[in-house]
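[1] with the input below, show me the fold.
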Amino acid sequence: MTPEPVTAHELVDSLRPLLLAEAAAEAPGSGAEPGDLEQAVWLRLLERLDADGPPSDPPVWLRRAVRAEVRRSRRTARRERGLTGEPADDGRHDPERLALTAARRRALLDAVRRLPGRCPRLMEALLSPRDPTYGEIAGELGMSQGSIGPERSRCLGCLRRLLTREVAAR
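    Numbering: from 1, shown residues only. Predicted structure coming up:
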(Lines give C-alpha, C1' and ligand atoms only; values in the text may rest on other atoms or scores of the structure.)
Protein backbone atom coordinates (compact mmCIF):
# COMPACT_ATOMS: atom_id res chain seq x y z
CA MET A 1 0.00 0.00 0.00
CA THR A 2 1.49 3.35 -1.09
CA PRO A 3 1.20 6.31 1.24
CA GLU A 4 -1.10 9.10 0.15
CA PRO A 5 0.70 12.19 -1.19
CA VAL A 6 1.00 14.97 1.34
CA THR A 7 -0.65 18.25 0.41
CA ALA A 8 1.33 21.47 0.46
CA HIS A 9 -0.76 22.69 3.39
CA GLU A 10 -0.02 19.55 5.43
CA LEU A 11 3.70 19.80 4.57
CA VAL A 12 3.85 23.43 5.71
CA ASP A 13 1.97 22.62 8.93
CA SER A 14 4.29 19.72 9.72
CA LEU A 15 7.46 21.73 9.02
CA ARG A 16 6.46 24.95 10.79
CA PRO A 17 7.75 24.05 14.30
CA LEU A 18 11.05 22.76 12.90
CA LEU A 19 11.53 25.87 10.74
CA LEU A 20 10.76 28.19 13.67
CA ALA A 21 13.36 26.39 15.79
CA GLU A 22 16.00 26.27 13.04
CA ALA A 23 15.55 29.94 12.09
CA ALA A 24 15.68 31.02 15.74
CA ALA A 25 18.88 29.01 16.26
CA GLU A 26 20.67 30.20 13.09
CA ALA A 27 19.58 33.84 12.94
CA PRO A 28 21.85 35.31 15.65
CA GLY A 29 25.00 34.02 13.97
CA SER A 30 23.98 35.24 10.54
CA GLY A 31 22.89 38.75 11.38
CA ALA A 32 19.48 38.04 9.87
CA GLU A 33 16.13 38.19 11.55
CA PRO A 34 14.49 34.79 12.21
CA GLY A 35 11.35 35.94 10.39
CA ASP A 36 13.38 36.83 7.29
CA LEU A 37 14.97 33.38 7.27
CA GLU A 38 11.58 31.74 7.68
CA GLN A 39 10.09 33.67 4.76
CA ALA A 40 13.04 32.89 2.51
CA VAL A 41 12.80 29.16 3.29
CA TRP A 42 9.03 29.11 2.77
CA LEU A 43 9.59 30.75 -0.59
CA ARG A 44 12.21 28.13 -1.50
CA LEU A 45 9.79 25.39 -0.50
CA LEU A 46 6.97 26.82 -2.62
CA GLU A 47 9.31 27.17 -5.60
CA ARG A 48 10.45 23.58 -5.13
CA LEU A 49 6.88 22.32 -4.85
CA ASP A 50 6.04 24.01 -8.17
CA ALA A 51 9.14 22.70 -9.94
CA ASP A 52 10.01 19.28 -8.46
CA GLY A 53 7.30 18.40 -5.99
CA PRO A 54 7.84 17.86 -2.27
CA PRO A 55 11.31 16.93 -1.04
CA SER A 56 11.91 13.26 -0.33
CA ASP A 57 13.04 14.01 3.24
CA PRO A 58 11.38 17.32 4.22
CA PRO A 59 13.14 17.83 7.61
CA VAL A 60 16.60 17.31 6.08
CA TRP A 61 15.71 19.55 3.13
CA LEU A 62 14.45 22.24 5.51
CA ARG A 63 17.64 22.24 7.61
CA ARG A 64 19.76 22.53 4.45
CA ALA A 65 17.56 25.33 3.13
CA VAL A 66 17.88 27.29 6.38
CA ARG A 67 21.68 26.96 6.31
CA ALA A 68 21.78 27.98 2.64
CA GLU A 69 19.76 31.09 3.43
CA VAL A 70 22.08 31.89 6.35
CA ARG A 71 25.09 31.68 4.00
CA ARG A 72 23.33 33.90 1.46
CA SER A 73 22.47 36.38 4.20
CA ARG A 74 26.09 36.53 5.37
CA ARG A 75 27.36 37.11 1.82
CA THR A 76 24.84 39.87 1.29
CA ALA A 77 25.69 41.51 4.62
CA ARG A 78 29.41 41.57 3.71
CA ARG A 79 28.68 43.30 0.39
CA GLU A 80 26.24 45.84 1.76
CA ARG A 81 27.35 48.96 3.56
CA GLY A 82 25.23 51.06 5.84
CA LEU A 83 24.72 54.71 5.10
CA THR A 84 26.50 57.20 7.30
CA GLY A 85 24.60 60.44 7.28
CA GLU A 86 22.46 61.69 4.46
CA PRO A 87 23.65 60.31 1.12
CA ALA A 88 22.58 63.43 -0.77
CA ASP A 89 24.32 65.77 1.69
CA ASP A 90 28.03 65.06 1.58
CA GLY A 91 28.87 68.60 2.75
CA ARG A 92 30.47 69.73 -0.49
CA HIS A 93 27.54 72.00 -1.32
CA ASP A 94 27.30 73.62 2.08
CA PRO A 95 27.38 77.41 1.41
CA GLU A 96 29.63 78.11 4.39
CA ARG A 97 32.10 75.42 3.38
CA LEU A 98 32.11 76.65 -0.23
CA ALA A 99 32.78 80.23 0.92
CA LEU A 100 35.63 79.13 3.20
CA THR A 101 37.17 76.98 0.47
CA ALA A 102 37.01 79.87 -2.02
CA ALA A 103 38.57 82.24 0.54
CA ARG A 104 41.43 79.79 1.23
CA ARG A 105 42.05 79.35 -2.49
CA ARG A 106 42.14 83.15 -3.03
CA ALA A 107 44.58 83.55 -0.14
CA LEU A 108 46.81 80.79 -1.51
CA LEU A 109 46.81 82.23 -5.04
CA ASP A 110 47.55 85.69 -3.61
CA ALA A 111 50.55 84.29 -1.74
CA VAL A 112 51.67 82.37 -4.86
CA ARG A 113 51.66 85.61 -6.90
CA ARG A 114 54.07 87.16 -4.37
CA LEU A 115 56.69 84.42 -4.79
CA PRO A 116 60.03 85.32 -6.44
CA GLY A 117 61.26 84.40 -9.95
CA ARG A 118 59.47 81.70 -11.96
CA CYS A 119 57.65 80.38 -8.91
CA PRO A 120 54.33 82.18 -9.47
CA ARG A 121 53.91 80.76 -13.00
CA LEU A 122 55.05 77.27 -11.98
CA MET A 123 52.83 77.10 -8.90
CA GLU A 124 49.80 78.45 -10.82
CA ALA A 125 50.37 75.75 -13.44
CA LEU A 126 50.63 73.06 -10.76
CA LEU A 127 47.47 74.35 -9.05
CA SER A 128 45.53 74.55 -12.31
CA PRO A 129 42.13 72.83 -12.24
CA ARG A 130 42.87 71.22 -15.64
CA ASP A 131 45.68 69.23 -13.90
CA PRO A 132 48.40 69.42 -16.59
CA THR A 133 51.22 66.88 -16.79
CA TYR A 134 54.85 67.83 -16.11
CA GLY A 135 55.45 67.66 -19.87
CA GLU A 136 52.66 70.15 -20.56
CA ILE A 137 53.91 72.47 -17.82
CA ALA A 138 57.48 72.27 -19.13
CA GLY A 139 56.32 73.18 -22.65
CA GLU A 140 54.15 76.03 -21.37
CA LEU A 141 56.90 77.55 -19.20
CA GLY A 142 59.82 76.81 -21.52
CA MET A 143 61.78 74.74 -19.02
CA SER A 144 62.99 71.14 -18.99
CA GLN A 145 60.66 68.54 -17.53
CA GLY A 146 63.43 67.30 -15.21
CA SER A 147 63.81 70.70 -13.57
CA ILE A 148 60.14 71.00 -12.59
CA GLY A 149 60.47 68.80 -9.48
CA PRO A 150 63.47 70.62 -7.94
CA GLU A 151 62.01 74.01 -8.89
CA ARG A 152 58.67 73.02 -7.34
CA SER A 153 60.46 72.06 -4.11
CA ARG A 154 62.21 75.45 -3.94
CA CYS A 155 58.93 77.27 -4.66
CA LEU A 156 57.07 75.31 -1.99
CA GLY A 157 59.82 76.17 0.51
CA CYS A 158 59.45 79.87 -0.35
CA LEU A 159 55.66 79.61 -0.07
CA ARG A 160 55.94 77.85 3.29
CA ARG A 161 58.21 80.56 4.69
CA LEU A 162 55.97 83.32 3.32
CA LEU A 163 52.79 81.80 4.81
CA THR A 164 54.52 81.00 8.12
CA ARG A 165 55.48 84.66 8.53
CA GLU A 166 51.96 85.81 7.67
CA VAL A 167 50.30 83.38 10.05
CA ALA A 168 52.73 84.30 12.83
CA ALA A 169 52.08 88.03 12.25
CA ARG A 170 48.37 87.51 12.81
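[2] for the host helix or strand of Leu122, packing partners?
    For Leu122, the host element (DSSP states H and E) is helix 119-126. With contacts taken as 3 or more Cβ pairs under 8 Å, 6 or more residues apart in numbering; DSSP states H and E, helix 119-126 sits against helix 95-113, helix 134-141, helix 148-169. Any C-beta I mention is one placed from the backbone N, CA and C, and that applies to glycine too.
[3] what comes into contact with it?
    By Cβ atoms under 8 Å, 6 or more residues apart in numbering, the surrounding residues in contact with helix 119-126 are 109, 112-115, 132, 137, 140-141, 148, 151-152, 154-155, 158-159.
[4] sorry, back to before: how about the helices and strands packed on helix 119-126 in TSV, adding mean neighbour count, distance to Pro28 and mean pLDDT?
    Formatted as TSV, the helices and strands packed on helix 119-126 follow (neighbours: other Cβ atoms under 10 Å; distance: least, Cβ to Cβ, whole Å; pLDDT from 0 to 100):
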stretch	mean neighbour count	distance to Pro28	mean pLDDT
helix 95-113	11	43	90
helix 134-141	15	57	91
helix 148-169	13	55	88
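[5] so which of those is nearest Val66?
    Among the helices and strands packed on helix 119-126, helix 95-113 comes nearest to Val66, with 49.4 Å by Cβ to Cβ.
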